[in-house]
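Student: Can you look at this prediction? I've put the sequence above it.
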Amino acid sequence: MSETGILGSLVAIFAAIGKPVVGGFASVGRVTLFALQTIQRALTPPWYPLRLLEQLFQIGWNSLPVVALTAVFTGAALAQQIYTGGSRFNAQSTVPAIVVIAMVRELGPVLVGLMVAGRVSSAMAAEIGTMRVTEQIDAMVTLRTDPYRYLIAPRLFASVIALPILVCIANVIGIFGGYLLSIHKLGFNPSSYLEMTNSILEGDDIMMSLVKAAVFGFFIALSGCYAGLQTKGGAAGVGRATTNAVVGAFVLILLSNLVITLTAFG
């Protein structure tokens, strides 16, 4: 092969590698600019409190059943797994401590974030995406109504407010699920279990859980609204937007969870 042919092959290889990398960085830049623009407009009037209350109901109250079921089953399964693993080296007594730490620091925020993202991000993307392809957002702009303030800001604030509340509820239910299984199946003493749980749980654990929840809520709304506003191509485009919203929210939740955990405990 000639020198020119080798050089052309190398250029083609680097172009194939560089194109998705550059595209990824461009996407990150667009999402970052969207987030900054949304925050700037959300902090300036006019505000729409009724829209905020509506979104709080949609995001918070309507997500409560699936969050509660997820938490109670996870807490019970976690207690069983810890007991089974701990029995290999006579550490069954650590069940209450590990259940409360794992639920509050990690499993509670992450599982609630993922469950709410699957339900809420897709709904936001579908609703806003439908408005985009049917030109309702263009009509809103024509009527001098800012879509960022009217559509996105209430969802953003509602998610940031609702997620910490949902996570607190999920933490309590998850710990209670582990308590029920430990008492009725694993033979723990109720008072001793509660005493150890109370002695292990610290304020920093709760604060970590709430910080994660607020960050996850921000990313859930950001991903859903961004995917909805970028929708093109009719009904098929709305379908792609919902998928992109959920995948983006999942990735952002898991990545931010790692960053927060390493920052706090690394």
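Tutor: Now that the structure is in, tell me what you want to look at.

Student: contacts, neighbours, all on C-alpha from now
Tutor: OK.

Student: Might one say that Lys232 is in contact with Thr134?
Tutor: No - using CA atoms under 8 Å, Lys232 makes no contact with Thr134, being 10.1 Å away.

Student: So which of the two has more stuff around it?
Tutor: Lys232 (17 against 13; other CA atoms under 10 Å).

Student: for the stretch 151-266 of the chain, what are the low-confidence residue spans?
Tutor: Low-confidence segments of the stretch 151-266 of the chain, defined by pLDDT under 70, span residues 266.

Student: Specify the local secondary structure of Leu186.
Tutor: Reducing the assignment at Leu186 to three states with DSSP: H, G, I helix; E, B strand; the rest coil gives coil.

Student: For it, give me its contacts.
Tutor: By CA atoms under 8 Å, 6 or more residues apart in numbering, the contact list for Leu186 reads 80, 83.

Student: How far away from the center of its chain is the helix or strand where Pro109 lies?
Tutor: In this structure, Pro109 is located in helix 108-116 according to DSSP states H and E. Centre-to-centre, helix 108-116 and its host chain are 6 Å apart (CA atoms, centre = their mean, to the nearest Å).

Student: same thing with stretch 128-146?
Tutor: 27 Å.

Student: for stretch 57-69, same thing?
Tutor: For stretch 57-69, the distance from its own C-alpha centre to the chain's C-alpha centre is 14 Å (CA atoms, centre = their mean).

Student: With stretch 127-147 instead?
Tutor: Relative to the centre of its chain, stretch 127-147 is centred 26 Å away, using CA atoms, centre = their mean.

Student: pLDDT score for Gly8?
Tutor: For Gly8, the pLDDT comes out at 65.

Student: swap that for Pro65, please
Tutor: 93.

Student: Just give the number of residues close to it.
Tutor: 11.

Student: Distance of it relative to Ile173?
Tutor: If you measure Pro65 against Ile173 using CA to CA, to the nearest Å, the figure is 11 Å.

Student: so who does Ala16 touch?
Tutor: Residues in contact with Ala16 (CA under 8 Å, 6+ apart): none are found.

Student: change the start of the numbering to 529 and stick with it
Tutor: Right, with 529 as the first residue, what we last looked at is Ala544.

Student: so it is in which element?
Tutor: helix 531-570.

Student: Just the CA trace of the next helix or strand after that helix, in PDB.
Tutor: Next in sequence after helix 531-570, counting helices and strands by DSSP H and E, comes helix 577-584. Once side chains and other backbone atoms are set aside, the C-alpha atoms of helix 577-584 remain, and they are given as PDB (Å, rounded to 0.1, in the frame of the first residue of the first chain):
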ATOM      1  CA  PRO A 577     -47.700  29.000  40.700                       C
ATOM      2  CA  LEU A 578     -50.800  27.100  39.500                       C
ATOM      3  CA  ARG A 579     -48.600  25.300  37.000                       C
ATOM      4  CA  LEU A 580     -46.200  24.500  39.700                       C
ATOM      5  CA  LEU A 581     -48.900  23.000  41.900                       C
ATOM      6  CA  GLU A 582     -50.200  21.000  39.000                       C
ATOM      7  CA  GLN A 583     -46.700  19.600  38.300                       C
ATOM      8  CA  LEU A 584     -46.100  18.900  42.000                       C
END
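
Student: who does the helix or strand that comes right after helix 577-584 touch, helix- and strand-wise?
Tutor: Following the chain from helix 577-584 toward its C-terminal end, the next helix or strand by DSSP H and E is helix 592-614. Contact partners of helix 592-614 among helices and strands, from 3 or more CA pairs under 8 Å, 6 or more residues apart in numbering; DSSP states H and E: helix 623-630, helix 636-644, helix 681-712.

Student: As a markdown table, these with distance to Glu655 and mean neighbour count would be great.
Tutor: Compiled in a markdown table, the helices and strands packed on helix 592-614 are given as follows (distance: least, CA to CA, whole Å; neighbours: other CA atoms under 10 Å):
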| stretch | distance to Glu655 | mean neighbour count |
| --- | --- | --- |
| helix 623-630 | 35 | 22 |
| helix 636-644 | 16 | 25 |
| helix 681-712 | 12 | 23 |
